[in-house]
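1. predicted model follows, preceded by the sequence.
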Amino acid sequence: MFFNFKLTKKLVLSAALFFVCVCILGTVGVTAGIAVSVHGEQEKTVQLPVIMYHGVLKDPSQQGKYVVSPDVLEKDLQYLKANGYTSVLMQDILDFVHQGTPLPEKPILITFDDGYYNNYLYAFPLAKQYQMKMVISPIGYYTDKYSESGEFSAYYSHISWDHIREMIGSGYVEIQNHTYFLHSNKGERLGAQKLTGESVKDYQTMLREDLSCMQQKMTEQTGYTPTTFVYPFGAMSEDALPVLQELGFQATLTCESRINTLTRDPQCLFGLGRYLRPAGISSEAFFSSILP
């Protein structure tokens, strides 16, 4: 009897220990988005798709690779909401990476490059109607130009500082830096890219002056300083990174078509990819081909 009792006790303890181990390993194995770092710490990862729009116009003759109709944009927002996606801003992403602030289960970043007036005319009302947040990255020179002229056309004008302040105040729009006056592909320089044969010193001085100008104007006009640099045309140069970090940028957006993996490592914020949204394809066909 003594032998049997002792054996039974050992079996019970062994079974209990095995059950605990299985529970622990099972929890680690099935928890979505959890990875173990080399230091043994749990690190949550999030898959982030970023969509890139430019112009929004009703005129079918103007729609194409970089211009969609207001109807297409509205259907896009309807599709995303119906499929459980929640739009976020860059600040939400920064808070996740730097502070561990949770993101929605299916986050998505909706961006508009160049800051056309039609973004304010058509996209902004839809953002409010569907409660979908958007990031607009204007070209500072043109914001100054049309703020002074007061001339607004859906076809060619850009948003003014008044438009920017209104959109920021709504809570649905965040403004980021797309350079002050480096958005060109008609001269020698493509966007903010380094010229062939240009010295690192000269390039960085040029870039620093332009981006600082836009940062300063944003701060003066809105009280907000952009946290993210959006590369014009996606044209990148390695020598730009030290300047971006010096100026306090915490993230960059490119034109590379891919899903982003967010971690607690701040370096994951540099070089975020985006999918260009063209006209001529349905919301379901476009998003089903890119979203996880």
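-> Thanks, I have it.

2. and the gap between the nearest residue to residue 133 once chain neighbours are set aside and residue 146?
-> Leaving aside its sequence neighbours, residue 133 sits nearest to residue 87 (C-beta to C-beta, 6 or more residues apart in numbering; 4.3 Å). Quick note: C-beta positions are derived from backbone N, CA and C, even for glycine. Note on residue 87: its distance to residue 146, by C-beta to C-beta, to the nearest Å, is 27 Å.

3. ok, now residue 233?
-> Taking C-beta to C-beta, one finds residue 233 at 22 Å from residue 146.

4. go on, residue 103?
-> 35 Å.

5. among these two, which residue is more densely surrounded?
-> Each of residue 103 and residue 146 has its neighbours counted (other C-beta atoms under 10 Å); residue 146 has more, 22 against 18.

6. who's in contact with the more buried one?
-> Residues near residue 146 by C-beta atoms under 8 Å, 6 or more residues apart in numbering: 117, 152, 157, 158, 159, 160.

7. do that again at 7 Å, thanks
-> 152, 157, 158, 160 (C-beta atoms under 7 Å, 6 or more residues apart in numbering).

8. biggest strand in this protein by residues?
-> strand 107-114 (DSSP state E).

9. let me know the average pLDDT across it.
-> Averaged across strand 107-114, pLDDT comes to 98.

10. stretch 130-146 now?
-> So the average pLDDT for stretch 130-146 ends up being 98.

11. swap in stretch 235-254?
-> 96.

12. list the buried ones in it?
-> 235-237, 239-240, 243-244, 247, 249-254 (16 or more other C-beta atoms under 10 Å).

13. so what sits opposite residue 261 in the bridge?
-> residue 47 (DSSP bridges).

14. for it, list the residues it contacts.
-> 45, 47, 268.

15. so which of the residues you listed is the most crowded?
-> Going by other C-beta under 10 Å, residue 268 tops these with 18 neighbours.

16. so who does it touch?
-> Counting by C-beta under 7 Å, 6+ apart, residue 268 has contacts 97, 261, 262.

17. could you pull up the residues touching the nearest residue to residue 116 once chain neighbours are set aside?
-> Of all residues not flanking residue 116 in the chain, residue 55 sits nearest, at 5.2 Å (C-beta to C-beta, 6+ apart). Listed by C-beta under 7 Å, 6+ apart, the contact partners of residue 55 are 66, 67, 116, 118.

18. now, which of the residues you listed sits nearest residue 196?
-> Distance to residue 196 across those (C-beta to C-beta) is lowest for residue 66, with 26.7 Å.
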